[in-house]
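Asker: Turn this into a model:
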Amino acid sequence: MDLVRCAICSFLKILGGRFVEPAAGIFMVLFFLLAGTAAGGTGPLPGGIPLHLRYATHFQVEYLGNGCKLVTDGAGRRLLLVPRGQWPPKGYQQDQVIETPVERVVSKWTTIPPLLRALGVMNSIVGVTTRAKDWHIAGIRKGMAAGRIKYLGSSRATDYEQLLSVHPDVFFAGEWEKTEKLNELGIPFAVVTEYLEDNPLGRLEWIKFFAAFYNREREAERFFAKAVSRINTLSGKLKAVGKRPNILWGFIAGQGRIYVPGGDSYVAGMITMAGGAYVFKNIKKAGGAPITLEEFYDRGRDADIYISSGMLPQYGITSIKKLVAVHPILADFRSVKRGNVWCFQPWYWESIDKTDGIIADLAAIMHPALFPGHKPRYFFKLPKR
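Answerer: Numbers count the residues shown, from 1 in each chain. All right, here's what the predicted structure looks like:
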């Protein structure tokens with residue numbers, strides 16, 4: 001392996017001395033992807049080269065050679081990706097084997113197809129757990145109407161027999177799936193936990209996780225690099241911002257149940273990148289966190305902007321007046337009094353591949369003077385009446 005590294009480094013230096021670590025990483029990945037199958041896939045493989053991840057922390061990919069990859073999913077499970085028609089290498093027989101590139105996949109969450117869209121492989125989707133009427137990605141709705149994409153039970157209750165019937169190469173699953181049932185039925189699956197990333201760029205970097213199943217690493221790297229560049233440019237524009245508005249972000253679910261993003265969540269990261277100050281930054285948790293009505297009131301009352309992490313109109317709340325009628329506690333909130341309440345557009349959750357656009361929207365909401373003429377695409381302002 002050291003000889004391989006030396007050869008690669010020497011080759012890059014010959015190209016003009018412009019050798020940098022990311023370029024070397026990409027070259028080595030491609031080297032192993034294209035290394036062929038001279039060993040027939042039956043012999044033991046040397047220690048692999050890990051995929052360099054800049055922000056994501058909840059998955060890993062290791063390139064073993066002969067086109068094989070060892071993927072660690074969001075639940076810490078090891079998956080061995082092996083080129084179609086090739087035998088798994090010795091020493092990895094205990095790992096779940098998935099043949100690549102995958103051609104038939106099932107998506108548990110609405111956040112997954114957008115990343116497959118960015119890779120140009122959305123046609124591989126053969127099943128989902130969200131009804132057609134709730135999708136805003138035209139390709140999914142058309143596929144379901146034509147019968148090419150099957151509805152396989154709700155996101156809360158996957159229909160495992162129906163799932164088996166579509167013969168997926170892999171089921172991109174949630175962490176609460178009945179894994180015993182999936183194993184019993186012999187359904188290959190990979191657990192996706194992108195929402196637990198503490199950085200929005202880490203969440204977006206999950207595109208590299210999916211790319212490994214399709215051999216689309218180069219496409220993923222190009223897409224990700226462009227998005228990071230756009231976000232960095234935006235952040236540079238916000239460096240001169242003096243006052244950062246206080247942002248309340250959360251959803252009142254009823255019966256006194258309130259959920260807000262943790263202070264270590266990717267949402268808190270987006271707020272910071274967009275030039276805001278998150279009022280629940282003190283909650284040291286990734287993902288969502290339940291809080292009391294009293295905590296929501298004490299921290300949120302003086303916030304400058306309230307972003308409801310729900311699509312309020314689907315609950316019949318189409319104005320601030322109706323919002324206060326349903327939740328009277330909000331009447332004292334500064335953001336409500338000033339008419340600065342924002343909601344998700346229906347396609348928000350299907351837009352993870354537009355993370356840079358979502359952060360740009362937030363920046364314009366928080367600092368409208370810096371972004372004159374910007375029309376938010378992923379949020380809308382709740383009218384007063």
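Asker: going forward, measure contacts between C-alpha atoms and count neighbours the same way
Answerer: Noted.
Asker: can you tell me how far the nearest residue to Ile329 once chain neighbours are set aside sits from Phe344?
Answerer: When the adjacent residues along the chain are set aside, Ile329 lies closest to Tyr297, with 7.5 Å between them (CA to CA, 6 or more residues apart in numbering). For Tyr297, the distance to Phe344 (CA to CA, to the nearest Å) stands at 21 Å.
Asker: more neighbours, the two?
Answerer: Phe344 (20 against 14; other CA atoms under 10 Å).
Asker: Show me what the longest helix along the chain is packed up against.
Answerer: Counting residues, the longest helix found in the chain (DSSP state H) is helix 217-238. In terms of contacts (3 or more CA pairs under 8 Å, 6 or more residues apart in numbering; DSSP states H and E), helix 217-238 is packed against helix 112-119, helix 207-214, helix 355-366.
Asker: Can you convert these into JSON lines and add a column each for mean neighbour count, mean pLDDT and distance to Tyr92?
Answerer: Formatted as JSON lines, the helices and strands packed on helix 217-238 follow (neighbours: other CA atoms under 10 Å; pLDDT from 0 to 100; distance: least, CA to CA, whole Å):
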{"stretch": "helix 112-119", "mean neighbour count": "21", "mean pLDDT": "98", "distance to Tyr92": "28"}
{"stretch": "helix 207-214", "mean neighbour count": "23", "mean pLDDT": "98", "distance to Tyr92": "17"}
{"stretch": "helix 355-366", "mean neighbour count": "22", "mean pLDDT": "98", "distance to Tyr92": "36"}
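Asker: wait, which of those is closest to Lys178?
Answerer: Closest approach to Lys178 among those (CA to CA): helix 112-119, 19.4 Å.
Asker: contacting residues around the closest one?
Answerer: Helix 112-119 has contacts (CA atoms under 8 Å, 6 or more residues apart in numbering) with 107, 122, 125, 207, 210-211, 216, 219-220, 223, 350-353.
Asker: Tell me the buried residues within those residues.
Answerer: Neighbour counting with 16 or more other CA atoms under 10 Å marks 107, 122, 125, 207, 210-211, 216, 220, 223, 350-353 as buried within these.
Asker: Which one of those is nearest to Arg78?
Answerer: The closest of the buried ones among the contacts of helix 112-119 to Arg78 turns out to be Phe210 (CA to CA; 14.5 Å).
Asker: Name the residues of the top strand by length along the chain that are buried.
Answerer: The longest strand of the chain (DSSP state E) is strand 246-254. By neighbour count with 16+ other CA under 10 Å, strand 246-254 contains the buried residues Asn246, Ile247, Leu248, Trp249, Gly250, Phe251, Ile252.
Asker: and it, average pLDDT?
Answerer: Averaging pLDDT along strand 246-254 gives 91.
Asker: With stretch 84-95 instead?
Answerer: Per-residue scores along stretch 84-95 average to 86.
Asker: Distance from the chain centre to it, please.
Answerer: For stretch 84-95, the separation from the chain centroid amounts to 29 Å (computed by CA atoms, centre = their mean, to the nearest Å).
Asker: what distance separates the start and the end of it?
Answerer: End to end - CA to CA - stretch 84-95 spans 16 Å.
Asker: same deal with stretch 235-248?
Answerer: 21 Å.
Asker: re earlier: so which of the helices and strands packed on helix 217-238 gets nearest His374?
Answerer: Of the helices and strands packed on helix 217-238, nearest to His374 by CA to CA is helix 355-366, at 6.6 Å.
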